[in-house]
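Peer 1: predicted structure and sequence below. I'll ask about it afterward.
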Amino acid sequence: MPRALGTRLGQRLRQVTIYSRKPNTNWKTTDTSYRLLTNISSWGTSNSTSQRDSSHKTFKFLLVSGCFAFFTGSALCLEQLKSSWIQLQEEKRNDILKAAVENGTLLTTFGLNLIGQLGQGHERPADRPYPVEALAGKQIVYVAAGDSCTAAISRQGDLYTWGSGEYGKLGHSDDSNENLPRLVESLKGKNIVKVSVGGNHMSAIDKDGNLYCWGRAACAGFGGLEHVYTPTLIQGDLSREKVISVSCGRSHTAAVTESGQVWTWGYGYEGELGHGEKSSQLQPKRVESLNKVVDVACGRDFTIFVCEDGLYSCGADDYGQLGLGRSHGERFVQTPRSLSGTGLSEIVAISAGDYHVCAIGRDGLVYTWGLGREGQLGHGEKADCSLAKPVDGLRNFEVIQVACGGGHTAAVTRDGVLYTWGRGRDGQLGRGGELESIASYRTSPVQVTSLPAGTVLQVSLGSDHSAVLCRDMKNKNS
């Protein structure tokens, strides 16, 4: 199936996948789950009767930080899709998202819970998925996990955060920890559509493309020495741009604009900001060497850029996480360098963890590279890899989303099944109910069987915990 995926696409538009269907044909329930995942950012008013009644529909998926924006209409080039992304998401509410949300969603968490990052109201770890009961009925449509904290967005655009409140990164005007989800009051009514959780800070985008940042002073992007305890609109030149994607690393941030620019700020001592030097940047600064940027993924101390002409990377390369191979002989790369010639196919989805990367290629294969000593690359061994290598255990599945954590990795298939691998000593693989010789590490993908097939919509991984958004199992047969 993965190899056939590439031949179905028709045109070879970079970072764009095209599907079409004839009129009066229905998608399967698993496709509904797929497009709930791929359309959580496509909110706005629905005024598409003429499009629904047209003789033929074409669906286009454009990668935006681990998810895809959803469009209908005639074929467009990538540049046109990028420039109209914000306008289209404002004009059209996705019918499938709406239907799926009406059936209900269920957020589950598992793994380490020392600071309440699971949102269960206590600090006990979990070795299998448990529902976050405090969010029942909130119609959660997106989840993001980070370093000891988690965030979730409701269908109404409300943001909830919980876990470690260090540096004020939960956005509740103080630095207290929370073991239950708590509404970020200052963002109520802002209609948040995307959030990214870093090591010391968070960033969020509203429906108009405005960017809010908060947390540790050097990471927040406001140029000061004081921590930012409440979500605050970004200042400077970036405030005049529409932001379509944001990603937070341990102590740095990268944002992609509608115009295809990418801006970075925060700690940059390992070159992760891409400005040609190893120094921090307290305010957003454009990465001048890159244009036509589609998406970005920040690892712990490195950054991966998805551009129209392929992947670029910069930052620390201790374990091969930049995907450049070992021939360049540098521990740090300060200016984004192209991955062309490394054997990696065109990419349609990507995620970065502490020291490793996972991506979905246009050919339908899942690729990983970087640190592999805890099995997080899924290659059946504990070895690092400095070049992209396919995950053989997923060749027979159509994977639509991937996520990287501190030392573990996850993949969601089109039919709503979750696979995890890597470090699992704190239960973050969700396999606590399985009889295995050793549960601490899994070097190849394994199915999380406690989540019924067909229910998984999205996954996000923190340093040592996992968050999975599912269709409400009570309604899975509705």
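Peer 2: Great, that's in hand. Numbering: from 1, shown residues only.

Peer 1: so how far is E288 from I153?
Peer 2: Plainly put, I153 is 32 Å away from E288 if you go by C-beta to C-beta, to the nearest Å. Quick note: C-beta positions are derived from backbone N, CA and C, even for glycine.

Peer 1: neighbour-wise, which of those two wins?
Peer 2: I153 (26 against 12; other C-beta atoms under 10 Å).

Peer 1: A strand includes the more buried one, no?
Peer 2: Yes. Judged by DSSP: H, G, I helix; E, B strand; the rest coil, I153 forms part of a strand.

Peer 1: show me where the protein has its helices.
Peer 2: Listed in chain order, the helices of the chain (DSSP state H) span 2-8, 29-38, 49-52, 78-83, 85-91, 95-103, 217-220.

Peer 1: show me what C307 bridges to in the sheet.
Peer 2: V293, G310 (DSSP bridges).

Peer 1: where's it relative to L112, distance?
Peer 2: 35 Å.

Peer 1: same thing with T420?
Peer 2: In this view, T420 and L112 are 14 Å apart by C-beta to C-beta.

Peer 1: ok, now R362?
Peer 2: The value you get for R362 to L112, if C-beta to C-beta is used, is 35 Å.

Peer 1: re the thing from before, okay, T420 and L112: which has more neighbours?
Peer 2: Between T420 and L112, T420 has the larger neighbour count (other C-beta under 10 Å), namely 27 against 21.

Peer 1: quote the end-to-end distance of stretch 136-149.
Peer 2: Using C-alpha to C-alpha, to the nearest Å, one end of stretch 136-149 lies 19 Å from the other.

Peer 1: list the buried residues in it.
Peer 2: By 16 or more other C-beta atoms under 10 Å, the buried positions in stretch 136-149 come out as 138-149.

Peer 1: so which of the residues you listed sit within strands?
Peer 2: Among the buried residues of stretch 136-149, the members found in strands (DSSP state E) are 140-145, 149.

Peer 1: just those now: which is nearest T368?
Peer 2: A145 (18.7 Å; C-beta to C-beta).

Peer 1: return the set of residues that bridge with the nearest residue to L365 once chain neighbours are set aside.
Peer 2: Excluding the flanking residues, the one nearest L365 by C-beta to C-beta, 6 or more residues apart in numbering is P390, at 4.6 Å. On the basis of DSSP bridges, P390 is bridged to Y367.

Peer 1: just F302 next, same as before
Peer 2: Applying DSSP bridges, one finds that F302 bridges with G315.

Peer 1: so how many other residues sit close to it?
Peer 2: Residues near F302, counting by other C-beta under 10 Å: 31.

Peer 1: wait, it touches G274, no?
Peer 2: No. Using C-beta atoms under 8 Å as the test, F302 is too far from G274 to be in contact (9.9 Å).

Peer 1: between those two, what contacts are shared?
Peer 2: Residues touching both F302 and G274 (C-beta atoms under 8 Å, 6 or more residues apart in numbering) are 314-315.

Peer 1: just to revisit the earlier point, need the max-distance pair from the buried residues of stretch 136-149.
Peer 2: Q139 and D147 (26.7 Å).

Peer 1: show me the shaky parts of the chain.
Peer 2: 1-102, 345, 435-439, 473, 475-478 (pLDDT under 70).

Peer 1: rerun at 50
Peer 2: Along the chain, the parts satisfying pLDDT under 50 run over 1-96, 98-100, 437-438, 476, 478.

Peer 1: count the residues that sit near the residue nearest to C385 when sequence neighbours are not counted.
Peer 2: In this structure, C385 finds its nearest non-sequential neighbour in W369, 4.9 Å apart by C-beta to C-beta, 6+ apart. By other C-beta under 10 Å, 27 other residues sit near W369.

Peer 1: before we move on, what about the one 3 residues further on?
Peer 2: Here the count is done by other C-beta under 10 Å, and G372 has 24 residues near it.

Peer 1: any idea how far it lies from K285?
Peer 2: Applying C-beta to C-beta, the value for G372 to K285 is 33 Å.

Peer 1: repeat that for T335.
Peer 2: 13 Å.

Peer 1: mutual contacts of the two, please.
Peer 2: Common neighbours of T335 and K285 (C-beta under 8 Å, 6+ apart) are H275.

Peer 1: check whether L290 really touches I304, as I assumed.
Peer 2: No. Using C-beta under 8 Å, L290 is not in contact with I304, being 11.7 Å away.

Peer 1: pull the contacting residues for the residue nearest to C385.
Peer 2: Counting by C-beta under 8 Å, 6+ apart, W369 touches 320-321, 323, 356-357, 377, 385-389.

Peer 1: go with 10 Å
Peer 2: By C-beta atoms under 10 Å, 6 or more residues apart in numbering, the contact set of W369 is 319-325, 339, 342, 344, 356-359, 377, 379, 384-389.

Peer 1: over to K278?
Peer 2: By C-beta under 10 Å, 6+ apart, the contact list for K278 reads 267-272, 315, 332, 334.

Peer 1: G168: neighbouring residues, count only.
Peer 2: By other C-beta under 10 Å, the residues close to G168 number 25.

Peer 1: follow-up on the earlier one: tell me which of the contacts of W369 fall in strands.
Peer 2: Per DSSP E, the contacts of W369 map to strands at 356-359, 385-389.

Peer 1: among those, which one lies nearest to L183?
Peer 2: Taking C-beta to C-beta as the measure, L183 lies nearest C358 of the ones in strands among the contacts of W369, at 31.5 Å.

Peer 1: need the contact list for the closest residue to that closest one other than its chain neighbours.
Peer 2: Leaving aside its chain neighbours, C358 sits nearest to V402 (4.3 Å; criterion: C-beta to C-beta, 6+ apart). By C-beta under 10 Å, 6+ apart, the residues touching V402 are 66, 349-351, 357-360, 366-368, 391, 394, 409-412, 419, 459, 461.

Peer 1: quick one: the residue nearest to L365 and F302, what's the gap?
Peer 2: For P390, the distance to F302 equals 21 Å [C-beta to C-beta].

Peer 1: CA atoms only for stretch 389-404 - export them in PDB, please.
Peer 2: Taking C-alpha atoms only, stretch 389-404 is exported to PDB below (Å, rounded to 0.1, in the frame of the first residue of the first chain):
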ATOM      1  CA  LYS A 389      16.600   5.000   6.700                       C
ATOM      2  CA  PRO A 390      13.100   3.400   6.100                       C
ATOM      3  CA  VAL A 391      11.400   1.700   9.100                       C
ATOM      4  CA  ASP A 392      10.900  -1.700   7.700                       C
ATOM      5  CA  GLY A 393       8.200  -2.600  10.300                       C
ATOM      6  CA  LEU A 394       5.800   0.000   8.800                       C
ATOM      7  CA  ARG A 395       6.300  -0.800   5.100                       C
ATOM      8  CA  ASN A 396       2.900  -2.600   4.900                       C
ATOM      9  CA  PHE A 397       0.900   0.200   6.500                       C
ATOM     10  CA  GLU A 398      -0.300   3.600   5.200                       C
ATOM     11  CA  VAL A 399       1.100   5.900   7.900                       C
ATOM     12  CA  ILE A 400      -0.500   9.400   7.900                       C
ATOM     13  CA  GLN A 401       1.100  11.000  11.000                       C
ATOM     14  CA  VAL A 402       4.300  10.500  13.000                       C
ATOM     15  CA  ALA A 403       5.600  12.000  16.300                       C
ATOM     16  CA  CYS A 404       8.900  12.000  18.100                       C
END
